[in-house]
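# coords please:
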Amino acid sequence: MAKRVKYWLTVMIPLVPLLVMAGCGGHKTLPTYPDTRGSEVFDQAQPLLHKAAESEGAPGPQRQPGRLVMKTQVMDQDGNDVFEPNEQVVLRVSVKNEGSEDLTGLIVDLDGSPTLLKTIRYPKPVGDLAGGSVRVLTLTGILPEHFVPDSGDLRILVRNLAGHTLSAESLTLSLLSDLAGEPHASRKLDMKGANVVEGVSVALGKAKLRNAVGVVVGISRYKSKGIPAVKYARRDAEAIATYLEQVGGVSKKHLKLLLDDQATCRAIKSSLEHWLPKHVTADSTVFIYFAGHGMPNGTPQGGFLVPNDMNKKGQSVECYPLSELYAAVRKLPTRKVIVIIDASFAGSGDRSVAPLIDRFTNPVNPDPIQFPPGVTVLTATSSRQPAIEYDKALHGLFTYYLLRGFRGEADVNRDGLIDVGEWFAYARDNVSKVAVEELHRRQMPVLFGGDLMLQVSRLTSP
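Numbers count the residues shown, from 1 in each chain. Predicted structure coming up:
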């Protein structure tokens, strides 16, 4: 009972003031208490509302249009930067969308070198590229066994479905043709039509040099994987051989041509020391040409012509020494001999390799004292300089200007005859100028001994 009374008192006592007011008939507004919880929420929302009001009508964050950036890497199988027959060409193209909007319907396309366009499979679809994303594509192909080398210029383009080019990059690949197995007589370089040496018109006369004999060697590819390829040495030798035939008057039976794997040490030695003397008379004009690697041997007068099969055997190196070349020349019955060496004996750089044994830093040049009167030696460069490859012309720089001079540009006095002095001066002046002004390098050809009045080409009939 006591518990019930306590309960009702607890409930009813707070209601007494209300009951009294009601009983008296008065009207009084009940007190109100603020909802502090709701006002706090409202107060917190006020800054956001004001900010939204202030920004009403202002543009939101801008989306950047798609912007394509590309990078291309070229790889070859043997890593010598020269692409040869049956070798795979690999183009790795990385494309990135640096904008925020998507780029859609992209493809990688190619333009340029006919040989490379026939070799590499293209176009390559990229598809859609979201903003900020990167995609890497690989284009490949294998060069045929036989092809005509061209400039190797290649343009890589990324286009959209509308055909618009969004990004492009240009590259130049060094292509080395392999014509091995084709007989010498099958070489067809049209002297009257398309220029073998660009930009030069040849003026061929009916009268040519009599009793002319030539040995021509060009080595671009070496048997040993440790010896780098020489881009244009074979092409140089083929062009020199053709010029000797069609301008210099050397008959096919009096012209010995050794290319790449034909140019072994034994073959070079046999051609110079056995074949050549059999075809030379006292009245002969002899041309000896070598394009490939040179190698010093550590003596002031020494050096080697590096044959295709150079190999280290014990403490000996299978090369052809310049001293043996000089000795073979001295034994010839004629005093009208021109030796041309488009190689370097610096021990490094273009057209030169370091010695395999007895390493040293003493580069060499042929010693003129070792040559008898009437023998002239033209070398591509002085002892400490490279023999530059001239990609623009697809020839060695020295050989390129020898060819241009041989077919007429060296005839400065316009008498229809080109002598050694005119020929060398033309090549020397142009090589040294182009090396510095165009290639930003140095190459100065050198002439040793000989008869500067010796006739090397007759462009008109006497």
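# now the strands for the stretch 151-300 of the chain?
Taking DSSP state E, counting those that start in this stretch as the test, the strands found in the stretch 151-300 of the chain are 153-159, 165-172, 174-175, 212-218, 255-259, 285-291, 294-295.
# quick one, which of those strands gets closest to Leu325.
Nearest of the strands of the stretch 151-300 of the chain to Leu325, taken as CB to CB: strand 285-291 at 7.6 Å. For the C-beta atoms, the positions are set from N, CA and C on the backbone; glycine is no exception.
# could you pull out the helices for this protein?
2-12, 16-24, 36-54, 114-119, 233-246, 265-270, 276-279, 322-330, 397-404, 420-437 (DSSP state H).
# in the chain, which helix or strand is least confident?
helix 36-54 (a mean of 47; mean pLDDT, DSSP states H and E).
# please tell me how far Phe448 sits from Gln88.
44 Å (CB to CB, to the nearest Å).
# between these two, which one's more packed in?
Shown here are Phe448 and Gln88; by other CB atoms under 10 Å, Phe448 has more neighbours (17 against 13).
# what are the bridge partners for the more buried one, then?
In this entry, Phe448 is beta-bridged to Val377, by DSSP bridges.
# that one contacts Ile341, doesn't it?
No - between Phe448 and Ile341 there is no contact under CB atoms under 8 Å: 10.3 Å.
# returning to what we had before: what would the strands of the stretch 151-300 of the chain look like in a markdown table with mean pLDDT?
Putting the strands of the stretch 151-300 of the chain into a markdown table (pLDDT from 0 to 100) gives the following:
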| stretch | mean pLDDT |
| --- | --- |
| strand 153-159 | 90 |
| strand 165-172 | 88 |
| strand 174-175 | 72 |
| strand 212-218 | 95 |
| strand 255-259 | 93 |
| strand 285-291 | 95 |
| strand 294-295 | 86 |
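# out of those strands, which gets nearest to Ile227?
Among those, strand 294-295 sits nearest to Ile227 (CB to CB), with 9.7 Å.
# show me what that closest one is packed against.
Here strand 294-295 touches strand 304-305, going by 3 or more CB pairs under 8 Å, 6 or more residues apart in numbering; DSSP states H and E.
# got the contact list for the strand it packs on?
Contacting residues not belonging to strand 304-305 are listed as 217, 268, 290, 292, 294-297, 317, 319-322, 325, 341, 343 [CB atoms under 8 Å, 6 or more residues apart in numbering].
# what is the nearest of the residues you listed to His164?
His164 lies nearest to Gly292 out of those, by CB to CB, at 47.3 Å.
# the closest one and Arg221 touch, don't they?
No - Gly292 sits out of contact with Arg221 when judged by CB under 8 Å, with a separation of 9.9 Å.
# these two: who's more crowded?
Gly292 (32 against 22).
# distance of the more buried one from Val158?
Gly292 sits 40 Å away from Val158, going by CB to CB.
# ditto for Arg234
Counting by CB to CB - Arg234 and Val158 are separated by 36 Å.
# I'd say Thr165 and Arg159 touch.
Yes - here Thr165 lies in contact with Arg159, judged by CB under 8 Å, at a distance of 5.4 Å.
# fine, thanks again, bye for now.
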